[in-house]
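>>> Here is my input; please provide its structure:
(chains A and B)
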2 protein chains.
Amino acid sequence: MDIRDLYNEIDKYMNKEVTVSGWIRNHRKQKDFGFIDFSDGTDFRHLQIVYDNELDNFDEITKYLVGSAITATGMIIESSGKQPFEMKLKTIKLEGDCSADYPIQPKRHTNEFLRSVAYLRPRTNLFQAVFRVRSVAAQAIHEYFQSNNYIYVHTPLITTTDCEGSDQMFKLTTLNLNKLPMKDGIVDMTKDLFGKPAFVTGTGQLHGEAFAMAFKKIYTFGPTFRTENSNTKTHANEFWMIEPEIAFCDLNKLMDIEEEMLKYVVKYVLDKCNTEIEFFDKFVENGLKEKLTKLVESKFVRITHHDVVDILNKSKNKWEFTPSYDDDIAKEHEKYITEYYNGPVFITNWPKDIKAWYMRVNDDNETVAAVDLEVPGSGELIGGSQREERLEVLEELMKKHGVDRSKVEWYVNLRRFGGCYHAGFGLGFERLIMYLTGIENIRDVIPYPRTPNNCDY
Amino acid sequence: MDIRDLYNEIDKYMNKEVTVSGWIRNHRKQKDFGFIDFSDGTDFRHLQIVYDNELDNFDEITKYLVGSAITATGMIIESSGKQPFEMKLKTIKLEGDCSADYPIQPKRHTNEFLRSVAYLRPRTNLFQAVFRVRSVAAQAIHEYFQSNNYIYVHTPLITTTDCEGSDQMFKLTTLNLNKLPMKDGIVDMTKDLFGKPAFVTGTGQLHGEAFAMAFKKIYTFGPTFRTENSNTKTHANEFWMIEPEIAFCDLNKLMDIEEEMLKYVVKYVLDKCNTEIEFFDKFVENGLKEKLTKLVESKFVRITHHDVVDILNKSKNKWEFTPSYDDDIAKEHEKYITEYYNGPVFITNWPKDIKAWYMRVNDDNETVAAVDLEVPGSGELIGGSQREERLEVLEELMKKHGVDRSKVEWYVNLRRFGGCYHAGFGLGFERLIMYLTGIENIRDVIPYPRTPNNCDY
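Purely as a prediction, here's the structure:
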C-alpha cells in the first residue's frame, strides 16, 4: 500500500497490519531497538518504523544502510513521538541494499551539489516537495482548461517555419555532421529527412491559433526550446509552456481568464500540497503560504503601461533604468509596481515597437493590446495579447518586422477564412513552479535541467 | 456562451435569449428565411440558427459565406426539425468573412486532401471528433495516474546519452551547418551549446526509472522522436508517448495496471465523447462502439510467448512468417491470437535476444519478463517489461548489447543505491487514438503530422 493512503485514511488502518515498500531515509539504532525513517515517495510525510530485538533478524536489520529499498510488514499503532502514528515492525525484506558511497546521506546538501546528482536528488525532502508540486500544478492546469471546454492540442515540436528567426532555434538533422552532402558549395538540405532545414520550436502559438479558429478555446502544454547562451537563474534551454488561444476574446476577457486560471492553480496546489507548501514556507521562502493565499483572494489590478510609467516617474526612487513610455519596463520597475499595489498587476497596452509582430495594434496606432501579469516577488509570470486579426494590418506588421510571408502564408490565411478577434497567452511552467515553491533557480524545478554546457543524464 | 453548455443544460436556456460566437458550417437560404448550420467547436453537435425576412438585414445575412465567423443572439426554441432545439435569430454580427476560395466546403473531402490543409481540417466533423477524443483521452490518462498517486515527470527531450544508438535520434545543434567549426579534420562539437553532441530523445524511460526510485510510481507524457525514414500508415517522426515506471512492481502487477488504465481511459472516452464515438462507428469503423464497450467489460488473457507459438503452430492457417519460439511474432500472428481469444491478450516472457537490453532476464535464462498487449483490430498497443534490477545481470546484458556504460553510469548506479524490482511500459498515444477512433492513418490523429519529406506548417 501507499503511505499516502495510510495518511489519508488512517482510521481504516490504525491497529491493523499493513505492508509497505520504499526506502530507508534515516536509520537510528540503539542496543535493543531501532527506528527507520521510511519513505515510499507517495507522500511528503514519512513513516517511522520501530523494531526491537524480539525480531529474529534484529542484528541484520540494524545493518541496513540509508538508501536501501525494503518491504516492511507491521502493525500501525499510535506513536509516542511527534508522528501521528508509526509501524511496529513484524517482518522486513531487504529489496535492494545501498552502497556506502551513496551521495544522499541524511544531512544538509547544497542545491549545487544536488544538481550534480540530479538522478538521485528527488529522494531528498526538498525535491520530493518540488517535483510533487510540479506534478500537481500540471494536473491543476489540465483540470482548469478541460473543465472549461478547452481542447488540449499537441502542437508540433519539429517545424520548418523559422519566422521567429532561426538563430533562436535549435537545428534538427539526421545528416552526419562530418559527412554533410554538399551542392553548389553549401549543405544540400534536400537530403535531410524532411527535405529542408528543420528546427525544434520555441512556441506552439501560431499552430494553436489555427485550432482556436475551429474549437474556440484550446491550450497547449508541452516542452519548448531556446538556444539562448545565457547562464542565469531563470534561463533554461528546455522548459515547458502552457499556451492557450481563445477565439472571440478581447484583452479584458483574456485577463479574466488568466486571473481565474492562476487562482485556480494556486488554490489547487494549496489544497493538495499543504504539507509541501508549509515545508517551503519554513525552509525556502518565508511567508510563501501567505503570499499564495493572498493571491487567491486578491483582485488583480489592471493598468496601462503608460500609467505605470507615470507612477514610476512620480516615485522618489532612483531608477537604474529611466522609465519611458516607449520602452520596456525593467525588473526594478516590476518590483516597485507590485509593491505599490501590494498584489498582482496586469500591465496593458504596450508600446508597439517593443512587442511581437502578431500583436493587435490599438486604435492609437502607438500601442498593442498586450498584457503582462506581474506578481509580487517574481515579476512577470504570464505574457499575453490579442492577436492581430485584420489582414491588412497584419500584413503591414509583418513587413515592418521582416517576417517572411511565404513561411507563414497559412497563418495569414486564418484572417481570410472566418478570422475573428482572438487572444492568447504564454505561461512558462517553470516560472510558475518557482513562484509556487519559492525556489529561485530554474535548475531546481526541472527534473534534468538543460543549460549551456550542461546536458548531463 | 459555449454550445457545449447549451446542450448540457438545455432546460436552463430553453425559451431564453442567448448569444453565441462561432462559424458558419453550412448555409441554406430560401426566399423568406434561411438556416445557418452553426458550430463554435466546443461540442460536436451544431446549432441550427433560423432567421427570416422580418430582420432588417435579411438580405445581407443571406450573403454570409460558409466559413465566416459570426456572433448571433436569439431565442433558444424547440425545433420542428431533427434537432432538439434551435435558435431564432434576433441580431447577428459578422466577425470575419470568409473568402470564396475557402477549401472546407460542406461536401465530402478525402483525408488526403484534408492533410494538405492541416491547419483548416479541425473545422470538419471528422477532425472535430478526432481532436476532441485526443484531448479527452489525454485527460483520462492524467486523471488515471494522478488519482493513483503517480507523479507526472517531465523527462528531458534533449539528451547527450545516445545509448539507443544515435542513428535513430535526431541531432540537435546550434552550429551553422555551412560554417561548422573544425578541429583535427572533424567537427568540433565542444563549440556547440552543450559542449558535446546532443540529440532529441526517443524515450524518457531511463530518466523515469530514476524518479520511480524516489516516488515509487511515476509517469511521463510527452513528445518523442524517431528518425525512421518510413512511409507507412503507422509511423511518424514525432509522436507522444506515455511511459509509467513503478517500483516494487513485477510483471503480473504491471499487467494489472495496464489493464486497469486502458479500461479507465476507454470508459472515460465512451462516457465523455459518446457523440463522437457514434460518429466514428457510423462513418469510420463499423462496430467501434461495441469493440470499445467489450474491452471495458473483458478480462484480458495472459499467455506466454511460448504458448502463443504453440497455438499458432497448431492452427490450420498458412503463415507467411513461420512462428518460432526464438522470434518475434508477425502482424498475422497478432491478429490470429486476438481473434482466437476474441479479446485483448497479454503475451509475456519473450525470447531474450529480440528484446531490449534493460529487460529483466527470467530464471530460464532464455526469456525476459516483457509483455506486449495485443488488442483486436489494432495489434500491439502497449509494450512493457520488468527492468533488470540485478547489477551483475544488467552489466552482462549491456556488454552483450554493446551499450556504452560510460553513457549510462548513472542509470547503472540505480542498482547500487537502493534498487528494487520494478517495471514500466510505453503506450504510444497516437496508437491509442487510432484504436479509439478507428482512424487508420497516424497522419490523421496528429494535429500537424511530421513524416519523411513532410513537415509543413
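
>>> State the three-state secondary structure for the closest residue to residue A:378 other than its chain neighbours.
Nearest non-adjacent residue to residue A:378, counting by C-beta to C-beta, 6 or more residues apart in numbering or on different chains: residue A:435, 4.7 Å away. All C-beta atoms are positioned from the backbone trio N, CA, C, and that covers glycine. Residue A:435 falls in the helix class when you classify it by DSSP: H, G, I helix; E, B strand; the rest coil.

>>> same deal with residue A:92?
Secondary structure, three-state DSSP: residue A:92 is strand.

>>> residue contacts, residue A:358?
By C-beta atoms under 8 Å, 6 or more residues apart in numbering or on different chains, the residues touching residue A:358 are A:205-206, A:385, A:387-388, A:394, A:397.

>>> Show me those that map onto strands.
The strands, defined by DSSP state E, take in A:385, A:387 from the contacts of residue A:358.

>>> Go through the contacts of residue A:358 and say which is closest to chain B.
Closest to chain B out of the contacts of residue A:358 is residue A:206 (8.4 Å), distances taken as C-beta to the nearest C-beta.

>>> is it fair to say residue A:240 lies in a helix?
No: assessed with three-state DSSP, residue A:240 is strand; it does not lie in a helix.

>>> Can you tell me the closest non-neighbouring residue to it?
Per C-beta to C-beta, 6+ apart, closest to residue A:240 is residue A:429, 3.9 Å.

>>> And the contacts of stretch A:74-83?
So stretch A:74-83 is contacted by A:6, A:10, A:13-18, A:47-49, A:84-91 (C-beta under 8 Å, 6+ apart).

>>> Which among these count as buried?
Buried members of the contacts of stretch A:74-83, counted by 16 or more other C-beta atoms under 10 Å in any protein chain shown: A:6, A:13, A:18, A:47-49, A:85-87, A:89.

>>> Got the phi and psi for residue A:38?
Dihedral pair for residue A:38: phi -120, psi 140, per degrees, to the nearest 10.

>>> got it, and residue A:180?
Per degrees, to the nearest 10, the backbone of residue A:180 is at phi -70, psi 140.

>>> And it, how far from residue B:178?
9 Å (C-beta to C-beta, to the nearest Å).

>>> So which of the two has more stuff around it?
residue A:180 (18 against 11; other C-beta atoms under 10 Å in any protein chain shown).

>>> got the contact list for residue A:275?
A:43-45.

>>> Buried residues, stretch A:100-119. List them.
A:102-104, A:109, A:114-115, A:117-119.

>>> for stretch A:120-135, same thing?
A:120-124, A:126-135.

>>> likewise stretch A:238-258?
For stretch A:238-258, by 16+ other C-beta under 10 Å, it's A:238-249, A:251, A:254-255, A:257-258.

>>> and these, which of them are in helices?
When DSSP state H defines the helices, the subset of the buried residues of stretch A:238-258 inside them is A:251, A:254-255, A:257-258.

>>> Downstream of whichever helix or strand residue A:262 is part of, the next helix or strand is which one?
Element membership for residue A:262, per DSSP states H and E: helix A:251-272. Using DSSP H and E, the helix or strand that follows helix A:251-272 in sequence is helix A:274-283.

>>> Show the average pLDDT along the next helix or strand after that following helix.
The helix or strand immediately downstream of helix A:274-283 is helix A:288-297, counting by DSSP H and E. For helix A:288-297, the mean per-residue pLDDT is 96.

>>> Helix A:288-297 to helix A:251-272, inter-axis angle?
Comparing the axes of helix A:288-297 and helix A:251-272 via axes from the mean of the first three to the mean of the last three C-alpha atoms, to 10 degrees yields an angle of 140 degrees.

>>> circling back: closest one to chain B out of the ones in helices among the buried residues of stretch A:238-258, please.
So of these, ranked by how close each gets to chain B (C-beta to the nearest C-beta), first place is residue A:257, at 13.4 Å.

>>> Read off the pLDDT value for that closest one.
pLDDT, residue A:257: 98.

>>> contacting residues for it?
A:244, A:246, A:249, A:425.

>>> SS state for residue A:23?
Per three-state DSSP, residue A:23 ends up strand.

>>> what's around it, how many residues?
What residue A:23 shows, counting by other C-beta under 10 Å, is a neighbour count of 28.

>>> need the contact list for it.
A:38-41, A:67-70, A:123, B:213-214, B:418.

>>> now these as CSV including secondary structure and distance to residue A:311?
As requested, the contacts of residue A:23 are exported to CSV (DSSP: H, G, I helix; E, B strand; the rest coil; distance: C-beta to C-beta, whole Å):
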residue, secondary structure, distance to residue A:311
A:38, strand, 54
A:39, strand, 49
A:40, coil, 52
A:41, coil, 48
A:67, coil, 54
A:68, coil, 59
A:69, strand, 57
A:70, strand, 60
A:123, helix, 47
B:213, helix, 51
B:214, helix, 47
B:418, coil, 55
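
>>> start to end distance for stretch A:76-94?
20 Å (C-alpha to C-alpha, to the nearest Å).

>>> Ramachandran angles for the residue nearest to residue A:190 when sequence neighbours are not counted?
Nearest non-adjacent residue to residue A:190, counting by C-beta to C-beta, 6+ apart: residue A:196, 7.0 Å away. The phi and psi values for residue A:196, taken as degrees, to the nearest 10, are phi -160, psi 170.
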